[in-house]
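what would the 3D arrangement of this be:
(3 chains)
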Amino acid sequence: MSLRENLQRLGIVLPPVSGPFGAYIPAKRVGNLVFVAGQLPVKDGQIMALGPVPSRCSIEQAQAAARQCAINCLAAVQSLGPGAVDALVGVVRVGAFVNSDATFTQQPQVANAASELFMELFGDAGKHARAAVGVNTLPRDASVEIDAIFETR
Amino acid sequence: MSLRENLQRLGIVLPPVSGPFGAYIPAKRVGNLVFVAGQLPVKDGQIMALGPVPSRCSIEQAQAAARQCAINCLAAVQSLGPGAVDALVGVVRVGAFVNSDATFTQQPQVANAASELFMELFGDAGKHARAAVGVNTLPRDASVEIDAIFETR
Amino acid sequence: MSLRENLQRLGIVLPPVSGPFGAYIPAKRVGNLVFVAGQLPVKDGQIMALGPVPSRCSIEQAQAAARQCAINCLAAVQSLGPGAVDALVGVVRVGAFVNSDATFTQQPQVANAASELFMELFGDAGKHARAAVGVNTLPRDASVEIDAIFETR
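Below is the predicted model:
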């Protein structure tokens, strides 16, 4: 199944990415790599998970947020133009920054929600290298920020 | 206008990058990508912004520091040899780490100062993907650290 | 001397990397780049350095941990199949996340232990760009996490 078919099967509609953008853009292509900017868990215009895990955001909420970040990574690719999402062939690397209390050490469990979505969408080609770390704060007080490198045709 | 002309127009003189270097070097080229090491806001041998934002470093100071990091990213490319800076054709990705109080959530506003300088210098080719995150401390107590991936001829 | 010979000379045996893996894998190749996932300082199944530097982990322990992370980066490449480690030609970029007390600012000194091992193993081709930052916590309470991009034949 294609990425587009898998999105449909999972009921995922990529949110529109509207410009104009500034110096910092959602995605940049170089050769057969697409570098996607760090995505926050924005859904319907709202950050869906705020503050550090677990004091202000549960692991479950953070996982849902990480999944949304992954969706937003794909949405960001739309900014490269029509067909850019369909041209993706796999996921190369994912960086996951989890807003964490100093005692929280399960960042991988949070990031897994993004990684698993990528594999559901891309199959084996969705498997990727990943770095997941804790940070003491994130933009707009988000609980998770995820960036990605995709491979494209 | 070329990158060199834009540097001159903005009155920016790239600081020299002097060797010898160790195992860790300012920049590494592979194919048409140049990976630049994380740059601190060093100016005239001094870190120009210290400590977390905003308790010890104002947003304005952090923005000036981010701009200096961007200048130092370009300076780092000089280590690849004569002509390396002139061979750059654009900016692919910027990583911005902002030394942040736990309540500070405006890392993008800080990073914008670096992103905007890159666009002033490269024009549209300076637009890039970016991840900006908060961290609780940085090397030498700097307020900002920025790394970059450039595209080169 | 080859990488393999240098490993032997230094008495380093790469730990096995056993599958099956999930959506997140130890290493992913694209073109002539190998992206390695963030490695923790696991040795003989145990994290060898826990907690922030320096309150719970000394700089010396963190350096030993960073060296182990570098070894584990190479071990991760084994997951790409027989010959994958021998096909490596150099190190492009290293990312070092050091679990840090807010007052600790010597992340580069910790990361150097990884960088220096790469140069011992690869010679000049082991020189790399690097970003070293502090973070307030890491997966499994590790003191260091290191990811890498290698160049391969």
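
packing partners for the one helix or strand residue A:64 maps to?
Assigned by DSSP states H and E, residue A:64 falls within helix A:59-77. Where contact means 3 or more C-beta pairs under 8 Å, 6 or more residues apart in numbering or on different chains; DSSP states H and E, helix A:59-77 is packed against strand A:33-39, strand A:42-43, strand A:88-99, helix A:107-122, strand A:144-152. (Each C-beta comes from the backbone N, C-alpha and C, glycine too.)

for the fourth one, what is the average pLDDT?
Mean pLDDT, taken over the full extent of helix A:107-122, equals 98.

export it to CSV, keeping only CA atoms.
Taking C-alpha atoms only, helix A:107-122 is exported to CSV below (Å, rounded to 0.1, in the frame of the first residue of the first chain):
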residue,chain,number,x,y,z
GLN,A,107,11.6,9.5,26.5
PRO,A,108,11.9,6.5,24.1
GLN,A,109,8.4,5.3,25.2
VAL,A,110,7.1,8.8,24.2
ALA,A,111,9.0,8.8,20.9
ASN,A,112,7.8,5.3,20.0
ALA,A,113,4.4,6.7,19.2
ALA,A,114,5.9,8.7,16.4
SER,A,115,8.2,5.9,15.2
GLU,A,116,5.3,3.4,15.1
LEU,A,117,3.2,5.7,13.0
PHE,A,118,6.0,6.1,10.5
MET,A,119,6.2,2.4,10.2
GLU,A,120,2.5,2.0,9.8
LEU,A,121,2.6,4.5,7.0
PHE,A,122,5.8,3.5,5.2
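
next, the angle strand A:88-99 makes with it.
Helix A:107-122 and strand A:88-99 are oriented at 160 degrees to each other (axes from the mean of the first three to the mean of the last three C-alpha atoms, to 10 degrees).

surely residue A:103 meets residue C:136?
No - if you go by C-beta atoms under 8 Å, residue A:103 and residue C:136 don't touch, sitting 9.7 Å apart.

which one's more surrounded, those two?
residue C:136 (26 against 11; other C-beta atoms under 10 Å in any protein chain shown).

ok, now which ones touch the more buried one?
Listed by C-beta atoms under 8 Å, 6 or more residues apart in numbering or on different chains, the contact partners of residue C:136 are A:100, A:102, A:134-136, B:135-136, C:52, C:99-100, C:102.

between those residues, which has the most around it?
In the contacts of residue C:136, the most neighbours by other C-beta under 10 Å go to residue C:99, 32 neighbours.

in stretch A:77-95, what counts as buried?
Buried residues in stretch A:77-95, counted by 16 or more other C-beta atoms under 10 Å in any protein chain shown: A:77-80, A:84-85, A:87-95.

same question for stretch A:38-51.
Neighbour-count burial for stretch A:38-51, counted by 16+ other C-beta under 10 Å, picks out A:38-42, A:47-51.

then stretch A:116-135?
A:116-122, A:125-135.

ok and the residue in chain A nearest chain C?
Nearest residue of chain A to chain C (C-beta to the nearest C-beta) works out as residue A:131 at 3.3 Å.

what helix or strand is that residue on?
strand A:129-135.

surely residue A:55 meets residue A:99?
No - applying C-beta under 8 Å, one finds residue A:55 not in contact with residue A:99, separated by 10.0 Å.

show me the contacts for the residue of chain A found nearest chain B.
Proximity of chain A to chain B (C-beta to the nearest C-beta) peaks at residue A:38, 3.3 Å away. For residue A:38, the contact set (C-beta under 8 Å, 6+ apart) comprises A:95, A:97, A:145-147, B:130-133.

grab the nearest non-local neighbour of it.
Spatial nearest neighbour of residue A:38, chain neighbours left out: residue B:131 (3.3 Å); criterion: C-beta to C-beta, 6 or more residues apart in numbering or on different chains.

do residue A:151 as well
Spatial nearest neighbour of residue A:151, chain neighbours left out: residue A:90 (4.6 Å); criterion: C-beta to C-beta, 6+ apart.

chain B contacts on chain A?
Residues of chain A lying close to chain B (C-beta under 8 Å from any C-beta of the partner chain) are A:21-28, A:30-31, A:35-38, A:52, A:95, A:97, A:135-141, A:145, A:147.

pLDDT weak spots in chain A?
Along chain A, segments meeting pLDDT under 70 are nowhere present.

and the strand holding residue A:131 with helix C:59-77, angle?
If you take the same axes, to 10 degrees, strand A:129-135 sits at 150 degrees to helix C:59-77.

got the CA positions of strand A:129-135 in PDB?
This file holds the C-alpha atoms of strand A:129-135, laid out as PDB (Å, rounded to 0.1, in the frame of the first residue of the first chain):
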ATOM      1  CA  ALA A 129      17.500   5.900  13.300                       C
ATOM      2  CA  ARG A 130      16.400   8.000  16.200                       C
ATOM      3  CA  ALA A 131      17.700  10.100  19.000                       C
ATOM      4  CA  ALA A 132      15.300  10.800  21.900                       C
ATOM      5  CA  VAL A 133      16.300  13.100  24.700                       C
ATOM      6  CA  GLY A 134      14.800  15.100  27.600                       C
ATOM      7  CA  VAL A 135      14.800  18.900  27.700                       C
END
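
in space, what's closest to the residue of chain A most remote from its centre - neighbours in sequence excluded?
The outermost residue of chain A relative to its centre, with distances by C-alpha atoms, centre = their mean, is residue A:103 at 24.3 Å. Of all residues not flanking residue A:103 in the chain, residue C:137 sits nearest, at 7.1 Å (C-beta to C-beta, 6+ apart).

that neighbour: how many residues sit nearby?
Residue C:137 has 26 neighbours, counted by other C-beta under 10 Å.

wait, what's in contact with it?
A:100-105, A:107, A:134, C:52, C:99.

pick out the most distant pair among those residues.
Using C-beta to C-beta, the contacts of residue C:137 span at most 15.1 Å, a distance reached by A:107 and C:52.

between the buried residues of stretch A:38-51, which is nearest residue C:6?
Nearest to residue C:6 among the buried residues of stretch A:38-51 is residue A:38, at 36.3 Å by C-beta to C-beta.

residue A:141 against residue B:105, yeah?
Yes - with contacts counted by C-beta under 8 Å, residue A:141 reaches residue B:105, the gap being 4.6 Å.

next, the distance between the ends of stretch A:27-45.
19 Å (C-alpha to C-alpha, to the nearest Å).

out of the helices and strands packed on helix A:59-77, which comes closest to residue C:6?
Nearest to residue C:6 among those is strand A:88-99; the distance by C-beta to C-beta comes to 26.6 Å.

spatially central residue for chain A, please.
Judging by C-alpha atoms, centre = their mean, chain A has its centre closest to residue A:70, at 2.5 Å.

isn't it right next to residue A:119, touching?
No - between residue A:70 and residue A:119 there is no contact under C-beta under 8 Å: 10.3 Å.

spatially nearest residue to residue A:50 (excluding sequence neighbours)?
Residue A:50 sits nearest to residue A:141 (C-beta to C-beta, 6+ apart), 4.9 Å away.

separation between residue A:93 and residue A:111?
Distance, residue A:93 to residue A:111, by C-beta to C-beta, to the nearest Å: 12 Å.
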